[in-house]
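[1] sequence and predicted structure below; questions after.
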Amino acid sequence: MTQPTHNVDIHPTLPLISACVTAQFSVGEELGSHMSALSSALDQVKQPVYVSFDLREVRFGISDLLQATNDFARGSQSLLHHPNLYMILYISEHPVIQLAAKGLQNEIFGGGLNTAVFSTYEEAVAFVEDNPLE
């Protein structure tokens, strides 16, 4: 049986949805199913939440990043304006991910989305704990 290359989980006690992709994740082949899983999770929660994207294992090129960012912001399954998406927390030390996160903050590129970048999942969770939603 093939191991999953991505997963989406709703945190049991925090306003947080965690999305994680592995090194085997293929943007071209699997982005749609990953976006569907994330959309379903956002539909399940009853209030705005943080969404963390753990991208530490993934190794993708600039074209993959552009496709993923464009599909997230403007594609047919765009989640940018989902009413339950409060803020995106990227987990990665890759400089391209840091640039993409800043780009999504800009009205020109992504629509002024709140983003932050962390090195570890634990740092992202601590941020959520320190910044409760009201």
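    Good, I have the coordinates.

[2] relative to residue 113, how far out is the closest residue to residue 15 other than its chain neighbours?
    Among residues not flanking residue 15 along the chain, residue 49 sits closest, at 4.2 Å (C-beta to C-beta, 6 or more residues apart in numbering). No exception for glycine: its C-beta is placed from N, CA and C like everyone else's. As judged by C-beta to C-beta, to the nearest Å, residue 49 and residue 113 stand 14 Å apart.

[3] which neighbours do the two share?
    Counting by C-beta atoms under 8 Å, 6 or more residues apart in numbering, the residues touching both residue 49 and residue 113 are residue 85.

[4] the residue nearest to residue 15 contacts residue 82, doesn't it?
    No. Contact between residue 49 and residue 82 fails when scored by C-beta atoms under 8 Å: they sit 9.9 Å apart.

[5] please pull up the helix or strand immediately following the helix or strand of the chain with the lowest mean pLDDT.
    Of all helical and strand segments in the chain, the minimum by mean pLDDT, DSSP states H and E falls on helix 62-74, at a mean of 64. Under the assignment DSSP states H and E, the closest C-terminal helix or strand after helix 62-74 is strand 85-91.

[6] which helices and strands does that next one pack with?
    When contacts are defined as 3 or more C-beta pairs under 8 Å, 6 or more residues apart in numbering; DSSP states H and E, strand 85-91 packs onto strand 49-54, helix 95-105, strand 115-118, helix 121-130.

[7] give me the contacts around the shortest one.
    Strand 115-118 is contacted by residues 87-92, 97-98, 101-102, 104-105, 124, 127 when judged by C-beta under 8 Å, 6+ apart.

[8] strand partners (parallel or antiparallel) of that strand?
    Strand pairing for strand 115-118, determined by DSSP bridges: strand 85-91 (parallel).

[9] the inter-axis angle of the strand it pairs with versus strand 49-54?
    For strand 85-91 against strand 49-54, the angle by axes from the mean of the first three to the mean of the last three C-alpha atoms, to 10 degrees is 20 degrees.

[10] what sits up against strand 85-91?
    Contacts made with strand 85-91 from outside it, assessed by C-beta under 8 Å, 6+ apart, are listed as 15, 42, 48-56, 79, 97-98, 100-101, 104, 113-121, 123-124, 127-128, 133.
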